[in-house]
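Asker: This is a predicted model, with the sequence first.
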Amino acid sequence: MIRHLAAVLCLFIFSLVTLFFHYNGLYSTDLSTLYTVLFFFWAGIFVFTIMLRSGFNKRFADPSLTIPQMLWGTLFLLIIAYLLNDWRGLMLMSYFAMLSFGFFKLRLREFLTVGLFAILGYILIILYIFVFEPERINIKLELIQILVFSGTVFIMLYTGSSINRLRERSKQQYAELQAALEVNKRLATTDELTGLYNRRYFMEKLAQQKALSERNKSDFVIFYCDLDHFKHINDTFGHHTGDIVLQKFSEILKSSIREIDYAARFGGEEFVGLLVDTDLENAKKVTERIRHSLESFNFNDIAPSLQSTVSIGIANFKEFNTIQETLMSADNRMYHAKHTGRN
């Protein structure tokens with residue numbers, strides 16, 4: 001829309017120039033005909049403005065409507081060039097300013113369409129005047145103007161398409177950079193194998209939750225998980241199978257907690273979770289669901305006789321009032337669960 005309004009301003013200046021030409025006797029027609037041409041032209045510009053403001057332009061492959069607008073402007077310049085007597089070259093110079101608006105959008109083929117429309121249109125005008133109104137034309141001068149105009153247009157086409165390629169390449173590089181940043185962000189916050197959050201990100205969220213709980217006088221629960229006999233699984237079934245067990249347990253974790261809760265892999269077969277605005281009784285229900293889900297999970301399609309269980313310890317923040325002590329308590333209770341039979 002900004003480019004369109006800039007083009008409208010330029011075309012308004014061109015319209016004033018055409019009126020200036022008339023008052024200096026440079027036309028072969030009367031003022032009423034010139035007004036008719038201007039009215040017809042500005043009616044088309046008004047239609048383009050309505051389409052852009054209403055959103056109707058979004059139905060087209062190119063919502064900016066760059067080519068239709070440039071063709072409409074070219075038609076206006078060609079008509080003015082026909083009406084002029086000996087100063088048609090002035091309107092050809094104006095065309096270069098209009099062609100520069102295509103630098104923002106057009107590819108080489110589209111530039112050729114617009115450029116050839118102007119060149120062929122001007123050639124047809126010169127032929128028509130030469131055949132039917134020869135007294136209005138100096139054919140040698142016009143031929144020189146056509147050659148210079150065509151050469152300059154093709155130079156601008158090459159320059160414009162090169163600029164457009166640079167813009168497209170920059171756009172692609174920007175998209176690739178954004179994708180790379182997104183990957184780096186994901187790698188910086190998540191565990192690559194399980195897709196859970198990593199230790200650093202989890203500790204950041206834990207610190208934020210501590211501040212929130214102290215402000216709102218709410219509680220939260222931390223739970224520690226450690227897969228039982230995981231080394232035996234790796235030794236018996238292989239590390240690839242061990243990785244699958246870790247991934248399956250991670251899926252159980254994610255499906256057992258709410259969206260506002262957090263689960264992370266602390267390393268190896270150790271996992272930790274944060275249950276927001278939760279007391280111990282509700283935390284027991286959540287962690288029991290996690291324990292039972294893993295115990296009853298069927299690994300037969302992965303490895304016959306494979307079974308996995310988990311030991312879990314939980315602690316609530318209000319009981320200890322520091323993150324470090326809450327973490328240590330949950331960790332100690334998890335080891336107590338292991339020492340009293342696991343699972």
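Answerer: Good, I have the coordinates.
Asker: Tell me which residue of the chain is furthest from the middle?
Answerer: Most distant residue from the mean C-alpha position of the chain: Glu135, 58.4 Å away (Cα atoms, centre = their mean).
Asker: before we move on, what SS does that one have?
Answerer: helix (DSSP: H, G, I helix; E, B strand; the rest coil).
Asker: From Leu31, how far out is it?
Answerer: 22 Å (Cβ to Cβ, to the nearest Å). For every residue, glycine as well, the C-beta is placed using N, CA and C.
Asker: Tell me the first helix or strand C-terminal of the helix or strand that contains Ile80.
Answerer: Element membership for Ile80, per DSSP states H and E: helix 66-83. Using DSSP H and E, the helix or strand that follows helix 66-83 in sequence is helix 88-99.
Asker: got the contact list for the one residue sitting closest to the centre of the chain?
Answerer: Centroid-nearest residue in the chain, with Cα atoms, centre = their mean: Ala175, separated by 7.1 Å. With contact set as Cβ atoms under 8 Å, 6 or more residues apart in numbering, Ala175 has no partners.
Asker: host element of Val153?
Answerer: Using DSSP H and E, Val153 falls in helix 139-189.
Asker: that's a helix at Ala7, yeah?
Answerer: Yes. Assessed by three-state DSSP, Ala7 belongs to a helix.
Asker: Could you find the closest non-adjacent residue to it?
Answerer: Phe101 (5.6 Å; Cβ to Cβ, 6 or more residues apart in numbering).
Asker: The one you found reaches Val8, doesn't it?
Answerer: No. Counting by Cβ atoms under 8 Å, Phe101 does not reach Val8; the two are 11.0 Å apart.
Asker: These two: which is more packed in?
Answerer: Taking other Cβ atoms under 10 Å, Phe101 and Val8 do not tie; Phe101 has more neighbours (21 against 16).
Asker: Please report the distance of that one from Tyr197.
Answerer: The gap separating Phe101 from Tyr197 is 49 Å, by Cβ to Cβ.
Asker: Report all helices and strands that the helix or strand that the helix holding Val153 is followed by contacts.
Answerer: Downstream of helix 139-189, the next assigned helix or strand under DSSP H and E is helix 199-216. Packed against helix 199-216 by the contact rule (3 or more Cβ pairs under 8 Å, 6 or more residues apart in numbering; DSSP states H and E) you find helix 139-189, strand 220-227, strand 262-267, strand 270-276, helix 317-320, helix 323-339.
Asker: Dump these to TSV, plus distance to Phe14.
Answerer: Formatted as TSV, these follow (distance: least, Cβ to Cβ, whole Å):
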stretch	distance to Phe14
helix 139-189	17
strand 220-227	68
strand 262-267	63
strand 270-276	64
helix 317-320	72
helix 323-339	70
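Asker: Can you say which of those is nearest to Asn300?
Answerer: Closest approach to Asn300 among the helices and strands packed on helix 199-216 (Cβ to Cβ): strand 220-227, 18.2 Å.
Asker: now the stretch 101-250 of the chain, which segments are flagged as low pLDDT?
Answerer: For the stretch 101-250 of the chain, the stretches flagged by pLDDT under 70 are 104.
Asker: need the contact list for Ile257.
Answerer: Contacts of Ile257 by Cβ under 8 Å, 6+ apart are 263, 273, 275, 286.
Asker: Backbone dihedrals for it, both of them.
Answerer: Phi and psi for Ile257, reported as degrees, to the nearest 10, are phi -110, psi 170.
Asker: cool, and Ser64?
Answerer: Per degrees, to the nearest 10, the backbone of Ser64 is at phi -80, psi -10.
Asker: pLDDT score for it?
Answerer: Per-residue confidence for Ser64 comes out at a pLDDT of 86.
Asker: So the residue lying closest to it once chain neighbours are set aside versus Thr113, what's the distance?
Answerer: Closest residue in space to Ser64, ignoring its immediate chain neighbours: Lys105 at 5.8 Å, by Cβ to Cβ, 6+ apart. Per Cβ to Cβ, Lys105 is found 13 Å from Thr113.
Asker: and the closest residue to Gly268 other than its chain neighbours, how many neighbours does it have?
Answerer: What sits nearest to Gly268 in space, not counting adjacent residues and going by Cβ to Cβ, 6+ apart, is Phe230, at 7.5 Å. Phe230 is flanked by 18 other residues according to other Cβ under 10 Å.
Asker: Same check on Phe12?
Answerer: Phe12: 12 neighbours (other Cβ under 10 Å).
Asker: again with Glu110
Answerer: When neighbours are counted by other Cβ under 10 Å, Glu110 registers 19.
Asker: Doesn't it belong to a helix?
Answerer: Yes. Counting by three-state DSSP, Glu110 is part of a helix.
Asker: if I pick it, what's in contact with it?
Answerer: Applying Cβ under 8 Å, 6+ apart, the residues contacting Glu110 are 66-67, 102.
Asker: Understood, closing this out.
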